[in-house]
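> how would this look folded up:
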Amino acid sequence: MAIYRQLRGLIVSGQLGANERLPTVRQTASDLGVAAGTAAKAYKMLEQEGLVISRTAAGTRVAESAALLPGAVVKRIRELVAEAAATGADPDDVIDVLRVVWRTTRP
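Numbering: from 1, shown residues only. I've put the predicted structure just below:
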């Protein structure tokens, strides 16, 4: 199932961080042009695999144990990428600088 594989890929690659909220089943179905039942099945498969946790009031969120990075870190990375892209920075330069900063500032 393509929706399941796509969402699973986003989670296990770290593009969706821990506790990040997924769109509603209805919104996902609408965005992807599929039936709500198809999107619901994908969400159920993710939940059975332990990648997401669904709660009525809180919606569906990435499980703590499934994500490679906390949601706050993913959010900051997205902000960095957006700002770097807006300035025309080369992605390889940004990654190189990030690696240098990481190596020189970690405790």
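> Spatially central residue in the protein, please.
By CA atoms, centre = their mean, the mean C-alpha position of the chain lies nearest to L16, the distance being 1.3 Å.
> which non-adjacent residue is nearest it?
L10 (4.6 Å; CB to CB, 6 or more residues apart in numbering). (C-beta placed from N, C-alpha, C; glycine too.)
> right, and the one you found touches E20 too?
No. If you go by CB atoms under 8 Å, L10 and E20 don't touch, sitting 9.3 Å apart.
> Neighbour count for these two, which is higher?
E20 (20 against 17; other CB atoms under 10 Å).
> list the contacts for that one?
The neighbours of E20, taking CB atoms under 8 Å, 6 or more residues apart in numbering as the test, are 61-62, 67, 71, 74.
> just the helices in the chain please.
In the chain, the helices defined using DSSP state H lie at 2-12, 25-32, 36-48, 71-87, 91-105.
> would you turn the ones you listed into CSV with distance to T56 and mean pLDDT?
Listed next are the helices of the chain as CSV, based on distance: least, CB to CB, whole Å; pLDDT from 0 to 100:
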stretch, distance to T56, mean pLDDT
helix 2-12, 20, 91
helix 25-32, 12, 94
helix 36-48, 13, 96
helix 71-87, 21, 90
helix 91-105, 39, 92
